[in-house]
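J.: Provide a 3D model corresponding to the input given below.
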Amino acid sequence: MPVDPSALITWANAVTVSRILVSPLLFAIIPVEPGGSWVALGMWFVLCVSDGFDGYLARRHGITRSGAFLDPLADKVLVLGAMFTLVSRGVFWLLPVVIIAVREVSVSIYRVLAGAKGVSMPASRTAKVKTLSQQLAVAGALMPLTFDEEWLWSSLLWLAVGLTLLSGAQYAWKALSPKRGAAGAL
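T.: The predicted structure is shown next:
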């Protein structure tokens, strides 16, 4: 049975909120000492896969406005929290993480402003690939088998930066060009 688009309490939202609430536990178990962690990697995997599960539930039962806001927020809390934790542990370099964070916060603010005007901002295909590349970069740094292969997860992190900038530019292009769609009405 479809849910009301204004509903707050849905199965999809429950999964999304759970992702946000469990994220600090993940950040706490990311090892202080270099070398990765199977436990942290396992939790990371579950939290990343649950993103697809809440999307499945939302499509099956109905997408809500609250879910459209909460899902990208959960993605940002999870990815940026893990990345900044890895920066604090001396694993990730600060510059690429700051670049990613600035884009994520900027697009989130834009989404809020667009949503206040009734404009929907679904994630683009590039943005979905961007999120996957960010998740893979963190996974590479958490996995004990690849931790010593810094070139691998560092390359994934810089790929994520490139895709982050590209998807941010796509959102900006749509926002600044009224003929390109509803988002241009801002």
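J.: can you pull the contacts of the residue nearest the centre of the chain?
T.: Closest to where the C-alpha atoms of the chain average out (Cα atoms, centre = their mean) is Asp75, at 3.0 Å. By Cβ atoms under 8 Å, 6 or more residues apart in numbering, the contact set of Asp75 is 51, 131. All C-beta spots, glycine's among them, are computed from the backbone N, C-alpha and C.
J.: buried residues in the helix or strand harbouring it?
T.: Using DSSP states H and E, Asp75 maps to helix 65-88. If you call a residue buried by 16 or more other Cβ atoms under 10 Å, then helix 65-88 has these buried ones: 66-72, 74-87.
J.: could you check the angle the helix or strand just after that helix makes with helix 65-88?
T.: Sequence order places helix 94-116 as the next helix or strand after helix 65-88, per DSSP H and E. If you take axes from the mean of the first three to the mean of the last three Cα atoms, to 10 degrees, helix 94-116 sits at 170 degrees to helix 65-88.
J.: using PDB, write out every CA atom in helix 94-116.
T.: Taking Å, rounded to 0.1, in the frame of the first residue of the first chain, the C-alpha atoms of helix 94-116 are listed here in PDB:
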ATOM      1  CA  LEU A  94      42.700  16.700   4.300                       C
ATOM      2  CA  LEU A  95      42.500  18.600   0.900                       C
ATOM      3  CA  PRO A  96      40.400  16.100  -1.000                       C
ATOM      4  CA  VAL A  97      38.100  15.600   1.900                       C
ATOM      5  CA  VAL A  98      37.600  19.300   2.300                       C
ATOM      6  CA  ILE A  99      36.800  19.600  -1.500                       C
ATOM      7  CA  ILE A 100      34.300  16.900  -1.200                       C
ATOM      8  CA  ALA A 101      32.800  18.400   2.000                       C
ATOM      9  CA  VAL A 102      32.400  21.900   0.400                       C
ATOM     10  CA  ARG A 103      30.500  20.400  -2.600                       C
ATOM     11  CA  GLU A 104      28.300  18.200  -0.400                       C
ATOM     12  CA  VAL A 105      27.300  21.100   1.900                       C
ATOM     13  CA  SER A 106      26.800  23.400  -1.000                       C
ATOM     14  CA  VAL A 107      24.500  21.000  -2.800                       C
ATOM     15  CA  SER A 108      22.700  20.200   0.400                       C
ATOM     16  CA  ILE A 109      21.900  23.900   1.000                       C
ATOM     17  CA  TYR A 110      20.800  24.200  -2.600                       C
ATOM     18  CA  ARG A 111      18.500  21.200  -2.200                       C
ATOM     19  CA  VAL A 112      16.900  22.800   0.900                       C
ATOM     20  CA  LEU A 113      16.400  26.100  -0.900                       C
ATOM     21  CA  ALA A 114      15.000  24.300  -4.000                       C
ATOM     22  CA  GLY A 115      12.700  22.100  -1.800                       C
ATOM     23  CA  ALA A 116      11.400  25.200   0.000                       C
END
